[in-house]
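> model the following, please.
(one chain, ligands or ions: 2)
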Amino acid sequence: MATHPHSAVAITTTTTSANPKLSLLRPHFCPPRCAFNFNPTTPFRHQHLIRNASVDLHIQRRLLLPPPRVFAVDVSGHLLQDTGASLFVVAGAYALVSVFDNLTQRQIVEQNLSRKLVHILSGLLYMGCWPMFSTSTEARYFAALVPLLNCLRLLVHGLSLVTNEDLIKSVTREGKPEELLRGPLYYVLMLILCSIFFWRESPIGVVSLSMMCGGDGIADIMGRRFGIHKIPYNKHKSWVGSISMFTVGFLISIGMIYYFSKFGYIELDFVQTVERVAVVAMAATVVESLPAKGGLDDNISVPLVCMVTAYLSFGFQP
Ligand SMILES: Nc1ccn([C@@H]2O[C@H](COP(=O)(O)OP(=O)(O)OP(=O)(O)O)[C@@H](O)[C@H]2O)c(=O)n1
Ligand SMILES: C/C(=C\CO)CCC[C@H](C)CCC[C@H](C)CCCC(C)C
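Ligands and ions are numbered 1, 2, ... in the order given. Just a heads-up that it's a prediction; the model follows:
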């Protein structure tokens, strides 16, 4: 980006572009390092300009404001990137539901397993796509558009305003449209909440969604198949289901935190993170295993308890 022949300008543009948020949000912001170059004693200045005060003022004004073209390119670049990423994820969501509908129709995957696989995969793949979005502040809203669209889709089909057998078959238990307005709707609402309030920089949202998608999803799959020994206080849930939820939810959470740390969004101490995630995974597993929970769906109770415990152990990192 340092294209101006004047050396002070070169330093100014380099400094702002090092932090894309600065260049996008505060086009008039000039960090102290570039202000330093305005000192007349600086070797970067040309001697003939020092004597001409009006020219000097003009140059200073120009130096304080990064070239407007850079700002415009930044904004349209981010907009393009975020729009493209949103469209890609919308298509992915549509494809995922269609693939599982197809597998259910051909009786390759049984309806309940299909629902749980969609439950596990959609949220985890959605989070996996977060690095595709730009570094702008608005990026999280572009990402949240995808679950928001799915939320509207669930409302429209759940209220039977439009009939779509594919969606109902792949995400409901009994094939009734009104089921879309419970578990699946709470699920997409949690995706929206975590995208907007926590996004990819916070372990709170990442762990909450990992436990809701991966942990809770696997508890059902394992519990239904191998859950012979029931939990003493809940005859509908099994030790295998809960142990699977804890183990798989914990591993997915650590994996996701590691994934985001590789992109530089999260920076945490490994040992401390393992301990904290274990606490959050344990709290989520206990809550999931409780009977009734006052009628609260697992797609609400699990992420909410994760948010509270993760907030207490990690602190708020939006
Ligand atoms: N800790 C757990 C959780 C689930 N299960 C098994 O998975 C089934 C479904 O559990 P869950 O998803 O909690 O049931 P629902 O809330 O009824 O269904 P859903 O949330 O999927 O709509 C249970 O009946 C049980 O066989 C289990 O054995 N142990
Ligand atoms: C069956 C479900 C919950 C019940 O416990 C999950 C419902 C999932 C939604 C209908 C679809 C959600 C799609 C995601 C917002 C985006 C996924 C994108 C990805 C690239 C596949």
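> where do the helices sit along the stretch 201-318 of the chain?
Here the stretch 201-318 of the chain has its helices, by DSSP state H, counting those that start in this stretch, at 203-210, 216-226, 239-262, 270-289, 298-314.
> now do stretch 237-248: distance to the chain's middle.
Computed by CA atoms, centre = their mean, to the nearest Å, the chain-centroid distance of stretch 237-248 equals 25 Å.
> tell me the contacts of the closest residue to ligand 2 within the stretch 1-150 of the chain?
In the stretch 1-150 of the chain, the residue that lies nearest ligand 2 is residue 92 (2.8 Å; CB to the nearest ligand atom). Any C-beta I mention is one placed from the backbone N, CA and C, and that applies to glycine too. Residues near residue 92 by CB atoms under 8 Å, 6 or more residues apart in numbering: 125, 129.
> what parts of this structure come near ligand 1?
Proximity of the chain to ligand 1, by CB under 6 Å from any ligand atom, involves residues 173, 183, 219-220, 223-224, 227, 236-238, 241-242, 245, 288-289, 298.
> now the closest residue to ligand 2 within the stretch 201-318 of the chain: how far from residue 285?
Closest to ligand 2 within the stretch 201-318 of the chain is residue 299: 5.4 Å, counting by CB to the nearest ligand atom. Going from residue 299 to residue 285 by CB to CB, to the nearest Å gives 15 Å.
> can you list phi and psi of residue 129 for me?
With angles defined as degrees, to the nearest 10, residue 129 sits at phi -90, psi -10.
> now the spatially closest residue to it that is not a sequence neighbour: which helix or strand?
Nearest non-adjacent residue to residue 129, counting by CB to CB, 6 or more residues apart in numbering: residue 89, 5.0 Å away. Taking DSSP states H and E as the criterion, residue 89 maps to helix 68-105.
> which is the next helix or strand following that helix?
That would be, after helix 68-105 and using DSSP H and E, helix 111-128.
> contacts for the longest strand anywhere in the chain next, please.
For the chain, the strand that runs over the most residues, judged by DSSP state E, is strand 234-238. The contact list for strand 234-238 (CB under 8 Å, 6+ apart) reads 219, 223, 226-231, 288-291.
> now with 7 Å?
223, 227-231, 289-291 (CB atoms under 7 Å, 6 or more residues apart in numbering).
> that one vs helix 216-226, what angle?
Strand 234-238 runs at 100 degrees relative to helix 216-226, counting by axes from the mean of the first three to the mean of the last three CA atoms, to 10 degrees.
> how far does strand 234-238 sit from its chain's centre?
32 Å.
> just checking: what are the partner strands of it?
Neighbouring strands of strand 234-238 in its sheet, by DSSP bridges, are strand 230-231 (antiparallel).
> picking up where we left off before, would you mind checking the residues of the chain next to ligand 1 for buried ones?
183, 219-220, 223, 227, 237-238, 241-242, 245, 288-289, 298 (16 or more other CB atoms under 10 Å).
> could you dump those residues to a markdown table with pLDDT?
Converted to a markdown table, those look like this (pLDDT from 0 to 100):
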| residue | pLDDT |
| --- | --- |
| 183 | 96 |
| 219 | 98 |
| 220 | 97 |
| 223 | 98 |
| 227 | 96 |
| 237 | 97 |
| 238 | 98 |
| 241 | 98 |
| 242 | 98 |
| 245 | 98 |
| 288 | 97 |
| 289 | 97 |
| 298 | 97 |
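> could you work out the end-to-end span of stretch 232-244 for me?
17 Å (CA to CA, to the nearest Å).
> and the stretch 101-250 of the chain, which of its residues are near ligand 2?
So the stretch 101-250 of the chain meets ligand 2 at 115, 118-119, 122, 125-126, 129, 146-147, 150, 171, 183-184, 187-188, 191 (CB under 6 Å from any ligand atom).
> out of those residues, which end up buried?
115, 118-119, 122, 126, 129, 146-147, 150, 171, 183-184, 187-188, 191.
> out of those residues, who's nearest residue 258?
residue 129 (16.7 Å; CB to CB).
> tell me how far the closest one lies from residue 181.
From residue 129 to residue 181 the distance is 26 Å (CB to CB).
> contacting residues around residue 169?
Residue 169 neighbours (CB under 7 Å, 6+ apart): 101, 104, 111, 175.
> how does it look with 6 Å?
Contacts for residue 169 (CB atoms under 6 Å, 6 or more residues apart in numbering) come out as 101, 104.
> got the phi/psi numbers for it?
Per degrees, to the nearest 10, the backbone of residue 169 is at phi -70, psi -40.
> ok, the contacts of strand 234-238 vs residue 266, which is closest?
Nearest to residue 266 among the contacts of strand 234-238, with distances taken as CB to CB, is residue 289, at 28.8 Å.
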